[in-house]
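Chemist: Got a predicted structure here, sequence first:
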Amino acid sequence: MYILLVGLVVVFFAAAIYLKEPAAERLGIAKQDNKGGHVATKEYGGVEPPTSGDHSDPVQWGPYATELADVKTLHNLEHGGIYVSYTSDIPEGQVKLMEELLFPPYSAEGFKPLKVVLAPRAKNDSPIILSSWNRSLKLDAYDKDTIINYYNTNSNKSPEPGAR
């Protein structure tokens, strides 16, 4: 009887693992993990926001009209957030569409992201760059479905996902 019970438990767990829905494939390009410690200041260059590395205090989640220091937005990524940066030459209407998608009262039914920073970034080599911990995706223009999918597959995939 004991062997039968153990066998049933093994079969149950094997079936649960086998039948488990596979995790959605994460959008974006994987980047090198530069770990990251807390520092007061650090200058980052480059045509893309860094996706890991040393960082200072995070910024508040939300939209910004002015540029933010990479050393600060990087801390938001460590907390599982998404940083959406854009160049100043994208149409103003696209920035408004991103704000309406990513922040209350939210324009997409059922999509209510909590951990997003949206800000201009002059160094970007792409009109829009979506960044998360160790991952990024470049967009030539606003794409609602891609932004939603990126957020859903990359948020909270970081060293400190429970932090806000």
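Modeler: Happy to help now that I have it.
Chemist: where does the chain dip in pLDDT?
Modeler: For the chain, the stretches with pLDDT under 70 are 1-24, 164.
Chemist: all strands of it, in order?
Modeler: Listed in chain order, the strands of the chain (DSSP state E) span residues 29-30, 62-63, 82-86, 116-120, 128-132, 135-139.
Chemist: Those into TSV, with extra columns for distance to residue 156 and mean neighbour count?
Modeler: C-beta here means a position set from N, CA and C on the backbone, and glycine is covered the same way. TSV is the format used below for those (distance: least, C-beta to C-beta, whole Å; neighbours: other C-beta atoms under 10 Å):
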stretch	distance to residue 156	mean neighbour count
strand 29-30	17	10
strand 62-63	18	14
strand 82-86	10	25
strand 116-120	12	21
strand 128-132	9	26
strand 135-139	12	20
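Chemist: Out of those, which gets nearest to residue 100?
Modeler: strand 62-63 (10.0 Å; C-beta to C-beta).
Chemist: Packing partners of that closest one?
Modeler: helix 92-102, strand 116-120 (3 or more C-beta pairs under 8 Å, 6 or more residues apart in numbering; DSSP states H and E).
Chemist: So for residue 162, which of these sits nearest?
Modeler: Here strand 116-120 is closest among the helices and strands packed on strand 62-63 (C-beta to C-beta), at 16.8 Å.
Chemist: Need the residues that contact that closest one.
Modeler: 59, 61-68, 73, 76, 81-88, 95, 98-99, 102-103, 151 (C-beta atoms under 8 Å, 6 or more residues apart in numbering).
Chemist: could you pull out the helices for this structure?
Modeler: Listed in chain order, the helices of the chain (DSSP state H) span 2-19, 70-78, 92-102, 144-154.
Chemist: Using CSV, list the CA coordinates for the second one.
Modeler: Written as CSV, here are the backbone C-alpha positions of helix 70-78 (Å, rounded to 0.1, in the frame of the first residue of the first chain):
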residue,chain,number,x,y,z
ASP,A,70,21.1,56.2,-15.6
VAL,A,71,22.6,55.5,-12.2
LYS,A,72,19.2,56.1,-10.7
THR,A,73,16.9,54.4,-13.2
LEU,A,74,19.1,51.4,-13.0
HIS,A,75,18.0,50.9,-9.3
ASN,A,76,14.4,50.8,-10.5
LEU,A,77,15.4,47.9,-12.9
GLU,A,78,16.9,46.1,-9.9
